[in-house]
Every structure is written in structure tokens, then in C-alpha cells.
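Trainee: Sharing a model that was predicted from the sequence below.
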Amino acid sequence: MSTDRLQRLQNNIKEAGVGGIAVNAGPSLNYLTGLNFHLMERPVVMLFPAEGESAIILPQLEKKKLENLPYSAKVFTYGEDPAQWDDIFQRALQEMDFSHQKIGVEPRQLRLLEYNYLRLADSKIDFIDGSTVIAALRSIKDRGEIDCMRKAVKIAENALEETLAITRIGMSEKEIASELFLQLIRGGSEMSLPFSPIVASGPNGANPHSTPSSRKLSSGDLLIIDWGARYGGYASDLTRTFGVGKIDGEAEKIHKTVQQANAAGRVAGRPGVPCSSIDQAARKCIDDAGFGDFFTHRTGHGIGMECHEEPYIREGNEQLLEVGMAYTVEPGIYLAGRNGVRIEDDVIVTADGSESLSTMDREIRYIE
């Protein structure tokens, strides 16, 4: 982590016309400081002004972490008595002179806990949605970030191959998910996976966010496995769908249709193209095959330090792709009470198009 990110953040703050940004423990704070704090009962908040020195509010017990902060900051620590915390927040905001200004926060990250301390510390501050200020930084990945994502993809693909080697008809979804988790950790993933693996067979596959159950694989099922690894703080998010035993013609057709939609979505991405055009390219394949009503979600989402982040690959999002943006392409077809298919890859926008970081075979494979 270099001071370059701080400089780019402050440039974005000025362009947005706000006085600063308040960030609590989470991915953005890690991105901007290189420091890791987890959400807990003790609030951690860093205040970034449009110019000048930043400030951080944190527990005294966490102060040693600041030895690794790549730039100077004003430090405000507190002890174990919550009755004293209001005063610390007031002192920090007075020092930053944010009064009567608009200060951006991340609505999806800032908790009521931190918001209340900030709001009560200075009622003359107008806290607004500042997520785009940070997203404009985080959505463009540099070489180091892409290398971490590439490694996270490789760990995930290897882990699934190891899991498939022992997967058989009669195994339960929970058994497969448990084995996949072990293989991800053994293969080098960080313990904090981007999400718990989704293993959904037969009719359970018609639920895009199904939870692994005790249902056992049966011949005729389609089996969706949606999984990912984390490496260097960066996530991968992949999905493949498999045939179990002998599947019928309808199952083969929807798999082939989703495979074509996935391919169309992957090649549609390039600099200057709106996110909506990738969604349109993938969705057209499914619409043309007569399954448009059964593709019930967006085509993808940004990926990086978080599994879901900007940019979002959906209808109506006219944000233009830029070199270094990373996102998923994950079209699906879901037939209630019968089967479901999803095929997902992680894609990086390059200077002349896009590159899929994931290369695992997308043709249907069978489990006996």
C-alpha cells in the first residue's frame, strides 16, 4: 500500500465537492491504509479530509497497528469505558474542522454504532452517501491486485478439481460443500472465504442462493457449485454446473444455453462499453432460446476485496468499463421444481478487450 491511494482519494474528494470521507473498519479502510481491523463492539473510524492530514479513532489496544500506517495521521485512542468514547469522537471532529461540511460515508459498511458517535459529536455535519468516491478507486485494479485475484482463482479451481475427484452419486450437498471448504484452505485460501460454498442439486438448483442441504445427488440432477477463494485479501467467485448420471434433453439444453450466454458476456467487455451491454449480450442468448423468464438476476457484479462491489453488470447501468475493472459474468436459468444452471467467471478489462481469469472447462461434465 502506497501513499498514492491516499492522494487519489483526496483528489476524488475534491472533485466530489465534499469536505472529506469517514471510513470504518472494513475493506475500504484496509485498501486505503493497509491496516486490518474487524468489525467489533469497539468502533474504528478514519477521517480523510480533502487535503491535509487524516485522523483515526481507535481503541488503545489497537494502537500498535499504526506502526504500519504508510503515512502520518492524527491519532485519537480510547480505553474500555464507553462513557468516554463520545468525548474522543468530539475531539477528533473538532480537530478535523468538518463542521458545516458534507462528509461522505459508505452506507453499506457504516453501522449505526459508528454513525451515532459521528452524528452526536457534531450535529452540524451533513453525512451523505460517499460510496462512489471510494468505489472510483477500488474498482480499478492495479497489477498487484490482479495478481492476487488470479491466484485466488487458481486456488479455487484446483480445490474444486480435488473435490470432484471424490464426488459420487449418493453424496449429500453438505458433504460436497464440506470437502470443498477443506480443499480451499489446504490449497492456500485465506480462512475468511468470500462466501460459504453453494452446492445445489436437482430442484435446489432453481434457487440461485441455495444453502447446502442433506439432499443426496441422484441421476438426472444438475449440480450447481458456486465457490471462491481469497488470497492477499482478494476474492474469486466462480460457478460451474455438472450433470449427475444421465440427464434429460431439457437439462442439456439449458446448460448449453447458459454456456453460450456466459461466452457472449465474457467477450462483450472492453474499455468504453457500458456495463448494461454485457448484461444485454448474455441475456439475449437466454431470451432467444425461450428461457428469458427464468434468468432472474443481473449478469454480474464487480469483484475485488469484496465479493460484491462496483461495477454492477445489470440492465440500466450505463457506467463505462475502464481498464483494470474486474467483474463476474454469471448468467443462469432456473426451472422451479426441476433444475438450475449457472456458469460464472471472473473477468478483467484489458486495453484491447477483456480477459477471463478463470479457465476451468465450461462444457458440461458428468458425475457418476
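Mentor: Yes, it's here. Numbering: from 1, shown residues only.
Trainee: Tally up the residues packed near K64, please.
Mentor: A count of nearby residues for K64, using other C-beta atoms under 10 Å, gives 8. Heads up, the C-betas are built off the backbone N, CA and C, glycines and all.
Trainee: before we move on, what about the one 3 residues further on?
Mentor: Residues contacting E67 under the criterion other C-beta under 10 Å number 7.
Trainee: ok, now I128?
Mentor: Using other C-beta under 10 Å, I128 has 13 neighbouring residues.
Trainee: now swap in G17 and tell me
Mentor: 8.
Trainee: Could you check the pLDDT of it?
Mentor: With respect to pLDDT, G17 scores 96.
Trainee: Likewise for T3?
Mentor: If you check T3, the pLDDT there is 83.
Trainee: Number of residues surrounding it?
Mentor: Every residue meeting other C-beta under 10 Å relative to T3 is counted, giving 9.
Trainee: my guess is it contacts P70, does it?
Mentor: Yes: counting by C-beta atoms under 8 Å, P70 is a contact partner of T3 at 5.8 Å.
Trainee: which residue ranges form the helices in this structure?
Mentor: Per DSSP state H, the chain carries helices over the ranges 3-16, 27-33, 85-96, 112-121, 131-138, 143-164, 173-186, 249-268, 275-288.
Trainee: so which of the ones you listed comes closest to T328?
Mentor: Closest approach to T328 among these (C-beta to C-beta): helix 249-268, 9.3 Å.
Trainee: For the closest one, which outside residues touch it?
Mentor: Defining contact as C-beta atoms under 8 Å, 6 or more residues apart in numbering, one finds that helix 249-268 is touched by 220, 222, 241, 243, 277-286, 289, 291, 295, 299-300, 313, 329-333, 335, 338-339, 341-345, 347, 353-354, 356, 362-364.
Trainee: show me the contacts for the spatially most central residue of the chain.
Mentor: Nearest to the centroid of the C-alpha atoms of the chain, with distances taken as C-alpha atoms, centre = their mean, sits C307, at 1.7 Å. Going by C-beta under 8 Å, 6+ apart, C307 touches 194-195, 228, 235, 237, 301.
Trainee: now Y78
Mentor: Y78 makes contact with 57-60, 84-85, 88, according to C-beta under 8 Å, 6+ apart.
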